[in-house]
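A.B. asks: Sharing a sequence plus its predicted fold:
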Amino acid sequence: MSSISIIGAGNMARALAARALAGGNAVEIIGRDPAKAKELASALGGATAGPTGIAPAGDIVILAVPYASAAQIVSEYGDMLDGKVIVDVSNPFAPGLKGLVTPDGSSAAEEIAKAVPAGVPVVKAFNNLFARVLAADPAGDRPLDVFIAGDDEQAKAAVSAFIESLGLRPLDTGPLSMARALEAASLLLVGLASHSVKDNNFSLGINILS
Ligand SMILES: NC(=O)c1ccc[n+]([C@@H]2O[C@H](COP(=O)([O-])OP(=O)(O)OC[C@H]3O[C@@H](n4cnc5c(N)ncnc54)[C@H](OP(=O)(O)O)[C@@H]3O)[C@@H](O)[C@H]2O)c1
């Protein structure tokens with residue numbers, strides 16, 4: 001069991017929190033609008049609503065906010081994040097889903113990592129799953145895949161254990177710089193959703209031949 005704080009109270013926060021609770025994790029929801037955070041926590045049952053401005057309670061802090069806000073949020077927390085593992089789920093889409101807004105040769109996760117205190121690890125995860133898919137019970141005979149990337153092996157192990165507790169399969173893709181590929185892969189997903197599948201009810205997964 002992990003202790004999780006989720007910053008944000010939107011679609012991804014709801015889907016992650018519901019699964020985390022079902023997996024027996026302690027879940028704190030932190031929203032800039034305390035009423036919204038409280039409402040989500042009580043709707044889910046079993047989660048707490050944490051105040052902003054003090055250290056998150058969880059050992060793993062999930063940023064379920066837009067990329068444009070994420071770096072500023074972690075900067076404001078500053079040293080209160082010492083000892084935590086930060087999980088970035090963001091997709092830094094450009095308007096019209098025509099590309100990514102991150103600087104060339106970087107990713108949202110790497111930009112966020114520059115804003116956290118030294119030594120606080122950032123792990124990219126969950127950005128390749130539509131909130132709708134994450135919220136649904138996995139169909140079929142195998143768990144959904146969650147691609148992760150990060151430079152800190154211990155942090156990736158902690159996030160992987162959390163992912164397994166959600167009934168999902170963590171797949172390590174390598175260092176944090178692989179977040180560039182994971183964020184680009186989300187463009188692939190939205191391209192498929194709008195051009196061929198015509199829905200966002202699917203996921204990206206890996207078939208390993210035995
Ligand atoms: N939706 C998906 O299918 C999906 C899939 C993969 C990854 N993602 C990523 O997940 C993240 C969240 O997406 P979402 O769909 O959950 O969005 P959402 O439903 O719009 O929720 C975003 C949340 O972030 C909060 N927020 C926004 N700016 C903030 C700020 N400056 N300070 C504090 N909180 C702030 C919002 O607060 P208020 O409620 O007060 O507005 C809201 O609770 C994004 O980075 C997105 O790229 C989404």
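C.D. replies: Alright, I've got the coordinates. Numbers count the residues shown, from 1 in each chain.
A.B. asks: number of nearby residues for the closest residue to the ligand within the chain?
C.D. replies: In the chain, the residue that lies nearest the ligand is G10 (1.9 Å; C-beta to the nearest ligand atom). To be clear about C-beta, it is placed using only N, CA and C from the backbone, and glycine gets the same treatment. Using other C-beta atoms under 10 Å, G10 has 15 neighbouring residues.
A.B. asks: for P121, same thing?
C.D. replies: 20.
A.B. asks: go on, D137?
C.D. replies: Number of residues near D137 (other C-beta under 10 Å) recorded here: 7.
A.B. asks: so what's it scoring on pLDDT?
C.D. replies: Predicted confidence (pLDDT) for D137: 70.
A.B. asks: near the ligand at all, the top helix by length along the chain?
C.D. replies: Counting by DSSP state H, the longest helix found in the chain is helix 179-195. No. Helix 179-195 is not in contact with the ligand by C-beta under 6 Å from any ligand atom; minimum separation 6.6 Å.
A.B. asks: Beyond the helix or strand where K38 lies, next helix or strand please.
C.D. replies: Taking DSSP states H and E as the criterion, K38 maps to helix 34-44. The first helix or strand that comes after helix 34-44 along the chain, using DSSP H and E, is strand 48-50.
A.B. asks: quick one, what contacts the residue most central in space within the chain?
C.D. replies: Closest to where the C-alpha atoms of the chain average out (C-alpha atoms, centre = their mean) is V89, at 3.0 Å. Contact analysis of V89 by C-beta atoms under 8 Å, 6 or more residues apart in numbering lists 12, 16, 62-64, 124-127.
A.B. asks: go on, N201?
C.D. replies: N201 touches 130, 132-133, 136, counting by C-beta under 8 Å, 6+ apart.
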